[in-house]
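S.K.: show me the folded form of this:
(chains A, B, C and D)
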There are 2 protein chains.
Amino acid sequence: METTWTHRIRAAGLRVTRPRLAVLEVLAAHPHADADALVTGARIQHPTLSPQTVYGVLEAFVATGLARRIEPAGAPALFELRVGDNHHHLVCRSCGLVADVDCVVHAAPCLNPADPAGFVVDEAEVVFWGLCRACQQEQQPQSVQIDEHDIRGGAIA
Amino acid sequence: METTWTHRIRAAGLRVTRPRLAVLEVLAAHPHADADALVTGARIQHPTLSPQTVYGVLEAFVATGLARRIEPAGAPALFELRVGDNHHHLVCRSCGLVADVDCVVHAAPCLNPADPAGFVVDEAEVVFWGLCRACQQEQQPQSVQIDEHDIRGGAIA
DNA sequence: TCCTTGTCTTGACTAGTTCAAAACAACGGG
DNA sequence: CCCGTTGTTTTGAACTAGTCAAGACAAGGA
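M.R.: Residues are numbered from 1 along each chain as shown, chains lettered A, B, ... in the order given. Sure thing, here's the model as predicted:
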């Protein structure tokens, strides 16, 4: 398993280091983790890891195309390894859970503005907002407070 | 002119105050301004205005549907008065300029995910990323540095 | 004009992220 | 297999956008 990560890191032109392997492994297990969750998760394998190091690792991953950074409005940035297939995201307004949605058109931009106002568009970012299954159930029975199960997008269960 | 704003504020169930009128007027003149730009702009009419007051004004506007808050990834939040017509945005990767794009389907959500994964979707947020006309011209001649004309989304020219 | 209540002001504070410099370690060459 | 170069990590501080709380203030109905 780890060999795969090693190869992918090296293929991206990066040196293979312990922090990078740790972050990559956590990211693989938690496909929409935020920086904080990645620090926590990666510390299981590398306890002395600092947040700044993780930011550095992520920056390198994003720059080389190993990872992608997504920033849902009003929440810390999330990172995912699914890159290059131009998919989109579903975000729960209540708990922040993020799910992937395949794009019907697999090439970017997958849709075009009617009047691009002179812009040359290279990407259409689509975020669907709504309620995930769990939050729908919580809100129907007897309108429970929403903060009860504060999973948020990035947290590691 | 001001009478119009007065009416709109009151119609929203809010008291008509000087900070609110000032912010509303700046927002009308600069349709995609960030909080900082609004403070600067509104101070022309009301020099003692503090950032916190503007945040409060904007919160009230957004809560009552007078204004809408948009948060392009990696930039401070922008505010606009165009609400309720479910339009989308074009953002320039280089200078941050934001332009409106009409939505072909005028009701939210204007498109549906192929597999909503159990989510009940109420909005599809679409952001088109690309280069605005000015930045295209700047990058072709002799690949000029991009920070030259740092208009950014919210700044007031 | 007075009173109530919503709004503004002031100030401190937080989360998320970035910057800079020095210590360190990966890995290609000898 | 060790060494040196160079990219990475570490450490620590700083920064920005935005939030919170409490008292002063003013809008607008009586």
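S.K.: okay, now the unreliable bits of chain A?
M.R.: Judged against pLDDT under 70, the low-scoring parts of chain A cover residues A:1-2, A:105-108, A:110, A:140-157.
S.K.: angle of the longest strand anywhere in chain A against strand B:120-131?
M.R.: Ranked by residue count under DSSP state E, the longest strand found in chain A is strand A:120-131. Orientation note: strand A:120-131 sits at an angle of 160 degrees relative to strand B:120-131 (axes from the mean of the first three to the mean of the last three Cα atoms, to 10 degrees).
S.K.: kindly export strand A:120-131 (C-alpha atoms) in PDB.
M.R.: Listed next in PDB are the C-alpha coordinates belonging to strand A:120-131 (Å, rounded to 0.1, in the frame of the first residue of the first chain):
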ATOM      1  CA  VAL A 120     -12.300  32.900 -21.300                       C
ATOM      2  CA  VAL A 121     -13.800  30.200 -19.000                       C
ATOM      3  CA  ASP A 122     -11.700  27.100 -18.200                       C
ATOM      4  CA  GLU A 123     -13.700  25.700 -15.300                       C
ATOM      5  CA  ALA A 124     -17.300  25.600 -14.100                       C
ATOM      6  CA  GLU A 125     -17.300  24.900 -10.400                       C
ATOM      7  CA  VAL A 126     -20.600  23.500  -9.200                       C
ATOM      8  CA  VAL A 127     -21.600  23.100  -5.600                       C
ATOM      9  CA  PHE A 128     -25.000  21.700  -4.700                       C
ATOM     10  CA  TRP A 129     -26.400  22.800  -1.400                       C
ATOM     11  CA  GLY A 130     -29.000  20.900   0.600                       C
ATOM     12  CA  LEU A 131     -29.500  18.500   3.400                       C
END
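S.K.: touching it from outside, list them.
M.R.: The contact list for strand A:120-131 (Cβ atoms under 8 Å, 6 or more residues apart in numbering or on different chains) reads A:72-73, A:88-94, A:101, A:103, A:108-113, A:139, B:73, B:90, B:93, B:109, B:111, B:113, B:116, B:119-131, B:136. Every residue, glycine included, has its C-beta placed from N, CA and C.
S.K.: which bits of chain A sit near chain B?
M.R.: Residues of chain A found near chain B, taking Cβ under 8 Å from any Cβ of the partner chain as the criterion, are A:69-71, A:73-74, A:77, A:88, A:90, A:92-93, A:99, A:101-102, A:104, A:109, A:111, A:113-133, A:136.
S.K.: now do the helices in chain A.
M.R.: In chain A, the helices defined using DSSP state H lie at A:2-11, A:18-29, A:35-42, A:51-64, A:133-142.
S.K.: how about residues contacting stretch A:36-49?
M.R.: Contacts made with stretch A:36-49 from outside it, assessed by Cβ under 8 Å, 6+ apart, are listed as A:18-19, A:21-23, A:25-27, A:29-30, A:33, A:50-51, A:54, A:58, A:76, A:79, A:154-156.
S.K.: how is chain A partitioned into domains?
M.R.: Here the domain assignment for chain A is A:2-70, A:85-149, based on automatic domain parsing.
S.K.: A:Lys26 - how many residues pack around it?
M.R.: Lys isn't right for residue A:26; it's Val. A:Val26 is surrounded by 22 other residues when neighbours are defined as other Cβ atoms under 10 Å in any protein chain shown.
S.K.: just checking, A:Arg8 touches A:Leu27?
M.R.: No: if you go by Cβ atoms under 8 Å, A:Arg8 and A:Leu27 don't touch, sitting 11.3 Å apart.
S.K.: distance check, A:Ser82 against A:Pro31.
M.R.: Heads up, residue A:82 is Arg, not Ser. According to Cβ to Cβ, to the nearest Å, A:Arg82 stands 7 Å off from A:Pro31.
S.K.: common neighbours of the two, please.
M.R.: A:Asp100.
S.K.: count the neighbours of the nearest residue to A:Ile70 once chain neighbours are set aside for me.
M.R.: Closest residue in space to A:Ile70, ignoring its immediate chain neighbours: A:Leu78 at 5.1 Å, by Cβ to Cβ, 6 or more residues apart in numbering or on different chains. Other residues near A:Leu78 come to 25 when the count uses other Cβ under 10 Å.
S.K.: fine by me, we can end here.
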